[in-house]
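Trainee: quick one: sequence and predicted model below, then my questions.
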Amino acid sequence: MTRGLRLILLSLLMLCAGLTTPARAEVVVSFYSHDFGDRFPHAFIVMKGTLDATGEAVAANYGFTAVSVSPAILFGSVKGKVESSKPDYIEKSDRQFDVTVDDATYGRILAKVAEWRDREQPSYSLNKRNCVHFVMELAEVVGLQVNRKSKLFKKPKSFLIEVRGLNPELTDPAAAAAP
């Protein structure tokens with residue numbers, strides 16, 4: 001076998017095995033809701049994947065809640081915080097939809113999270129800046145249509161279902177997994 005033929009065969013084998021082009025890296029942003037209870041936040045995102053530019057693995061989640069959940073949240077603004085949830089909380093929550101984003105959008109998500117984290121205190125308001133408002137702004141960052149005049153800002157699951165309805169390209173992960 002000639003050297004040229006060997007190179008062609010090797011190239012064809014590599015192409016068939018998918019070795020000639022690197023796998024596309026991507027980050028999947030999942031939007032979650034958690035039915036009301038004694039743990040917070042009730043709406044949050046989970047990000048998993050790999051960045052194209054660096055190959056860095058991404059595994060993070062963010063939600064926004066009051067620093068101290070007390071009756072004070074019913075009467076006005078209180079201190080707020082961006083926080084990450086533990087795996088058991090995420091597992092007990094409902095994934096409403098996923099969006100795959102590129103590196104630039106991932107960077108804009110982190111900037112929006114930092115904006116909420118660094119807000120002047122008190123930053124949490126049940127009526128104006130709660131966990132649903134937080135995920136609404138993140139949905140906008142990833143390019144989704146949202147209803148800024150929604151009446152569902154105190155109903156995380158219903159709000160995210162509304163967002164899914166405004167964006168027909170999104171699917172319900174539970175329905176997609178059904179046989």
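Mentor: Nice, thanks for sending it over. Numbers count the residues shown, from 1 in each chain.
Trainee: for the rest of this, base every contact and every neighbour count on C-alpha atoms.
Mentor: Fine.
Trainee: so K154 sits against F134, correct?
Mentor: No: the criterion here is C-alpha atoms under 8 Å, and K154 misses it with F134 at 11.9 Å.
Trainee: more neighbours: which of these two?
Mentor: F134 (22 against 19; other C-alpha atoms under 10 Å).
Trainee: wait, isn't the more buried one in contact with F64?
Mentor: Yes: assessed by C-alpha under 8 Å, F134 is found in contact with F64 at 6.4 Å.
Trainee: which residues are in contact with each of those two?
Mentor: Common contact partners of F134 and F64 (C-alpha atoms under 8 Å, 6 or more residues apart in numbering): F44, W116.
Trainee: point out where this structure drops to low pLDDT.
Mentor: 1-24, 36-40, 178-179 (pLDDT under 70).
Trainee: can you map out the helices along it?
Mentor: 3-16, 87-91, 103-117, 131-141, 156-166, 173-177 (DSSP state H).
Trainee: okay, these in JSON lines with distance to K48 next?
Mentor: JSON lines is the format used below for the helices of the chain (distance: least, C-alpha to C-alpha, whole Å):
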{"stretch": "helix 3-16", "distance to K48": "28"}
{"stretch": "helix 87-91", "distance to K48": "13"}
{"stretch": "helix 103-117", "distance to K48": "11"}
{"stretch": "helix 131-141", "distance to K48": "15"}
{"stretch": "helix 156-166", "distance to K48": "19"}
{"stretch": "helix 173-177", "distance to K48": "16"}
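Trainee: ranking the ones you listed by burial, who's on top?
Mentor: When the helices of the chain are scored by mean count of other C-alpha atoms under 10 Å, the highest mean neighbour count falls to helix 131-141 (a mean of 22).
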